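Undergrad: Predicted coordinates and the sequence they were generated for:
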Amino acid sequence: MPAARPSADHLLDDDALERSDVVANCAMNRERGLDGVNSYAKDLGLQPLDLLRSRIADQGHAAWLDLCCGAGRALAQAATLLRAPDDSAPNGSVSNGSAPNGSVPNGSVSIGSAPIGANGGGAAGPQVTLTGVDLVDWFDPAVRTSSDLDLHVASVATWQPNHAYDLITCAHGLHYVGDKLGVLARALTWLSPGGTLAVHLDLASIRLTDGTDLGRTLRRLLRESHVDYDARRRIVTCVGPRELDLPFAYAGADDRAGPNYTGQPAVDSYYRPLRTGRPSPPPPPPPRDAITVDDGGVSVWRGGQLFPVPWDELMSVTVSRFAHAEADIDEVELTVDLTWGEFATVSADTHGFTEAIEALSVLGGRPLPDLAALRPEDGHVVLWQRPSDT
C-alpha cells in the first residue's frame, strides 16, 4: 500500500530531514564490503575492484566515489588490495571543512586525503583515489586512520567534488535522501568519460505533491536520457557522464513513509512539475503570400493580410525581369499599378503567381509571355490595361 500523502506543511527541507531519526539514526546496513553475502558485488551487481583495475590498466589511474559509504569498509578493502607494495604513507589526519585540493564543501569533515601511490618514495604504485561521503561519522576506526582514503562527513545533497570519477556508487543510500533526483542528476555529471555509475533508487518513493506516482514517467525520462533502470533490482546504471534534465522541482520529503522494499523505514520525496513533459507543438507556419484574380479584381495576401484591389481601381498589371549580376539578383515580378498613382509588386515565389499571369493575359486579351525567355531589357510587359475612357 502506498504511503498516505503528507500535508504540505509536513514536508521537510534538507536540514530538518537530516535531523530526523529515520535519517540520522537509521539502522541501515553500514558494514557492506566488496565481496561476499553483504557486499557491493551482491547488492549492486558489480565488482568495484574489477572496474578500478580495468581503468588502471587503460589509463594508469582510477577514482571511486562511494556516496552514503557507511563505515567505509569497502573503500578500505579496495585500498588494501590496490596498495603498492612499497607504499608507506603515514596515518591520515582530520581537518574541519577541508576537501581535496583545498575546496570547502559546505562544512564537511575530511579524513585522510592522499590517493594510493601518491605518498612515499621509490616506485609509486597506481594512482587511485578512493572517496567516501556519509552524513554521519560512523566510519570504522581502522578506516579513519587510513591515509589511502578521502572520507567526508557531509550531506550528499550539497557535497561537491572537484574532479571526475571512474566509478560512482550509492548502495541503498538514496532511500534516506530528500532530493533523490537532484543527487542522481549531479552524480551523473561527475562521471569521467567511460566511467560507471550504479546506485539504488526506489522510484516508488518519488511522487508529485498531489500524490501522483512518478515511477512510470521517470522510467521513460531516464530511458530517453540513455540512463538504464533495473526495475526488479531498483538500480540505476550509466556509463559516461550525462546531463539529466528532469521537469520537476524538489518540494520536500516525508520521513513518515514507513518501510520500503528493504524492510527499513525510508523517506519519500515530493516534487512539483516544472512543465508538462510533453513537447510543445511546432509553431504554425507563417502565412503564405498569395495572389488571385477573379471577377472582383486582384487580391494579394502579404504577411497574412489581404489587400483586395477591385478592377475599377486598377490601372495596369505588368510583368518584368530584374537582374543584377554583381548582387546575384535575378527576379521576375508583377507590378500592379493603381489608379491613384501607387503600385504594388508581387514576386514570382508568391503562391498563385503563374495562374495570375495566365488569367490577366486572358482578361487583357494579350499573348501569354514566356517567363523563361523574359529579359530585363524587355521592360514591363503589359498583361492587363485599364480600358481608355471614351
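TA: Yes, it's here.

Undergrad: mind checking pLDDT for residue 30?
TA: You'll see residue 30 listed with a pLDDT of 69.

Undergrad: By mean pLDDT, point me to the weakest helix or strand of the protein.
TA: strand 94-96 (a mean of 32; mean pLDDT, DSSP states H and E).

Undergrad: show me the contacts for the spatially most central residue of the chain.
TA: Central residue of the chain (C-alpha atoms, centre = their mean): residue 245, 3.1 Å from the mean position. Applying C-beta atoms under 8 Å, 6 or more residues apart in numbering to residue 245 gives the contacts 185, 225. Backbone N, C-alpha and C define where each C-beta goes, glycine included.

Undergrad: Secondary structure of it: a strand, I assume?
TA: No. Under DSSP: H, G, I helix; E, B strand; the rest coil, residue 245 sits outside any strand and is assigned coil.

Undergrad: Start at 777, not 1
TA: Happy to do that; since the first residue is 777 now, the last one works out to residue 1021.

Undergrad: So residue 960 is in contact with residue 950, correct?
TA: Yes. Using C-beta atoms under 8 Å, residue 960 is in contact with residue 950, at 7.3 Å.

Undergrad: Would you agree residue 1040 is in contact with residue 976?
TA: No. In this structure residue 1040 lies outside contact range of residue 976 using C-beta under 8 Å: 11.9 Å.

Undergrad: give the contact list for the closest residue to residue 1020 other than its chain neighbours.
TA: Leaving aside its sequence neighbours, residue 1020 sits nearest to residue 961 (C-beta to C-beta, 6 or more residues apart in numbering; 4.2 Å). Going by C-beta under 8 Å, 6+ apart, residue 961 touches 1020, 1021, 1022.

Undergrad: Specify the local secondary structure of residue 961.
TA: Per three-state DSSP, residue 961 ends up helix.

Undergrad: pLDDT wise, what is it at?
TA: pLDDT at residue 961 comes out at 96.

Undergrad: Same check on residue 783?
TA: 52.

Undergrad: out of the contacts of residue 961, which one sits closest to residue 1125?
TA: residue 1021 (39.6 Å; C-beta to C-beta).

Undergrad: ok, now how distant is that closest one from residue 957?
TA: 11 Å (C-beta to C-beta, to the nearest Å).

Undergrad: what about the protein, any weak spots by pLDDT?
TA: By pLDDT under 70, the weakly predicted segments of the chain are 777-785, 800-806, 860-902, 1051-1057, 1102-1103, 1165-1166.

Undergrad: which neighbours do residue 1040 and residue 976 share?
TA: residue 951.

Undergrad: just to revisit the earlier point, and residue 960 and residue 950? Which one has more around it.
TA: Between residue 960 and residue 950, counted using other C-beta atoms under 10 Å, the more crowded position is residue 950 (28 against 23).

Undergrad: tell me the contacts of the more buried one?
TA: 844, 956, 959, 960, 975, 976, 977, 978.

Undergrad: next one: residue 1010
TA: Contacts of residue 1010 (C-beta under 8 Å, 6+ apart): 976, 977, 978, 979, 1037.

Undergrad: If we use 6 Å, what do you get?
TA: Contact partners of residue 1010, counting by C-beta atoms under 6 Å, 6 or more residues apart in numbering, are 976, 978.

Undergrad: ok, now residue 942?
TA: By C-beta under 6 Å, 6+ apart, the neighbours of residue 942 are 831, 838, 839, 968, 971.

Undergrad: mind listing which of those residues are in strands?
TA: 838, 839, 968, 971 (DSSP state E).

Undergrad: Got phi/psi on the nearest residue to the last one once chain neighbours are set aside?
TA: Read that as residue 971. Nearest residue to residue 971 in three dimensions, chain neighbours excluded: residue 942, at 4.5 Å (C-beta to C-beta, 6+ apart). Per-residue torsions, residue 942: phi -80, psi -20 (degrees, to the nearest 10).
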